[in-house]
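**Q** predicted model and sequence follow; I will ask about them next.
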Amino acid sequence: MKSLIDPVVALAIEAGQAILEVYSSDFDVQSKDDRSPLTQADLAAHRCIVAGLKALTPEMPIISEESGLPDFNERSLWDRYWLVDPLDGTKEFVNRNGEFTVNIALIDHHAPVLGVVHVPVQKKTYIGCEGYGAERRDAEGTAKKIAVSATSSGPVRVVGSRSHRGASLDAWLEKLGACDMVPMGSSLKFCVIAEGGADVYPRLGPTSEWDTAAAQAVVEQAGGRVVTLDGKPMKYNTKSDMLNPHFFVIGARDRDWLALLPDTE
């Protein structure tokens with residue numbers, strides 16, 4: 001798997017360049033069936049990544065947010081496949097706040113074992129790979145090993161979705177007490193946890209599997225955890241739809257974050 005890291009990073013950066021070309025233009029925004037936004041940047045990155053992965057591993061299936069979802073009867077037979085979000089954070093892209101990413105993950109037996117998250121505007125790339133660990137690379141390709149915080153801060157550093165909040169999260173934050181809540185877009189929230197910049201990310205709203213897989217690999221290889229509300233690792237390709245259950249991204253493990261959930265969860 002380690003031999004795949006550099007080619008996949010190169011693909012993510014290439015897709016990021018395609019995204020930035022659109023980002024700097026007067027682009028159009030369409031709506032998908034679920035009313036989420038779609039731009040030419042999503043499609044350009046999708047084409048770039050899918051073509052590259054097919055050339056790199058022609059035998060391996062690919063699921064991208066911008067391609068049709070194979071029937072579960074077919075994909076339930078897959079042991080390994082690529083799971084891609086060509087542009088995670090299209091709302092952030094449209095709002096031009098820079099908080100969007102390119103996500104490429106390799107799933108092996110329902111778990112993300114390799115993940116690359118590229119941040120085009122920041123020219124940073126986060127990598128997590130079993131047997132390799134986790135690192136952040138800058139624009140020149142210089143790598144720095146990253147790790148989650150060993151203990152939580154006071155006040156606790158919480159990252160959350162810029163687009164989704166809701167009563168469940170508010171109730172959890174109230175039970176948590178003193179905290180710094182930083183809203184952020186896309187899978188950047190995972191990456192901030194992975195490099196020790198925040199303690200926990202509670203996600204009590206909707207996400208899809210391509211939103212989280214690559215960044216989950218980064219967090220887990222940096223020593224963190226991504227768990228559903230029963231405390232078990234989040235799994236992939238186990239059912240017909242692509243919606244994730246609610247989950248927590250945990251960096252610092254010195255507190256029982258799940259114990260603060262409202263009784264209704």
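**A** That came through, no problem.
**Q** which strands or helices does the strand or helix carrying residue 169 pack on?
**A** Here residue 169 sits within helix 167-176, counting by DSSP states H and E. Under the contact criterion of 3 or more CB pairs under 8 Å, 6 or more residues apart in numbering; DSSP states H and E, helix 167-176 touches strand 156-161. No exception for glycine: its C-beta is placed from N, CA and C like everyone else's.
**Q** next structured bit after the helix holding residue 169?
**A** strand 179-184.
**Q** which strands and helices sit next to that next one?
**A** Here strand 179-184 is seen to pack against strand 156-161 when contacts are counted using 3+ CB pairs under 8 Å, 6+ apart.
**Q** so the closest residue to residue 61 other than its chain neighbours: helix, strand or coil?
**A** Among residues not flanking residue 61 along the chain, residue 81 sits closest, at 4.2 Å (CB to CB, 6 or more residues apart in numbering). The three-state label given to residue 81 by DSSP: H, G, I helix; E, B strand; the rest coil is strand.
**Q** okay, now residue 81: neighbour count?
**A** 20 (other CB atoms under 10 Å).
**Q** for it, give me its contacts.
**A** 60-63, 75, 106-107, 237 (CB atoms under 8 Å, 6 or more residues apart in numbering).
**Q** now do the same for the closest residue to residue 250 other than its chain neighbours: its pLDDT.
**A** In this structure, residue 250 finds its nearest non-sequential neighbour in residue 225, 4.5 Å apart by CB to CB, 6+ apart. We have a pLDDT of 98 for residue 225.
**Q** try residue 27
**A** Residue 27 is given a pLDDT of 82.
**Q** apart from its neighbours in sequence, what residue is nearest residue 84?
**A** Using CB to CB, 6+ apart, the closest residue to residue 84 is residue 64 (4.2 Å).
**Q** from residue 192, how far off is the one you found?
**A** Going from residue 64 to residue 192 by CB to CB, to the nearest Å gives 25 Å.
**Q** likewise residue 60?
**A** Distance from residue 60 to residue 192, by CB to CB: 30 Å.
**Q** higher neighbour count, the two?
**A** Between residue 60 and residue 192, counted using other CB under 10 Å, residue 192 has the larger neighbour count: 21 against 14.
**Q** give me phi/psi at the more buried one?
**A** Phi and psi for residue 192, reported as degrees, to the nearest 10, are phi -60, psi -40.
**Q** and the longest helix seen in the chain, what does it pack onto?
**A** Longest helix in the chain, counting residues (DSSP state H): helix 2-23. Helix 2-23 sits against helix 40-56, strand 101-108, strand 111-119, strand 124-129, with contacts defined as 3+ CB pairs under 8 Å, 6+ apart.
**Q** tell me how far whichever helix or strand comes after that helix lies from the chain's centre.
**A** Next in sequence after helix 2-23, counting helices and strands by DSSP H and E, comes strand 29-31. Its chain's C-alpha centre and that of strand 29-31 lie 22 Å apart, by CA atoms, centre = their mean, to the nearest Å.
**Q** quick one: strands adjacent to strand 29-31?
**A** In the sheet, strand 29-31 lines up against strand 37-39 (antiparallel) (DSSP bridges).
**Q** could I get the contacting residues of residue 98?
**A** Contacts of residue 98 (CB under 8 Å, 6+ apart): 92, 121-122.
**Q** surely residue 255 is in contact with residue 152?
**A** Yes - the criterion here is CB atoms under 8 Å, and residue 255 meets it with residue 152 at 5.7 Å.
**Q** for residue 98, see how far away the residue nearest to residue 84 is.
**A** 23 Å.
**Q** quick one: which of residue 255 and residue 152 has more around it?
**A** residue 152 (20 against 15).
**Q** host element of that one?
**A** With DSSP H and E as criterion, residue 152 is part of no helix or strand.
**Q** let me see the domain layout of the chain.
**A** 2-145, 156-260 (automatic domain parsing).
**Q** looking at those domains, which is buried most?
**A** Mean neighbour count, computed with mean count of other CB atoms under 10 Å, is highest for domain 156-260 among the domains of the chain, reaching a mean of 20.
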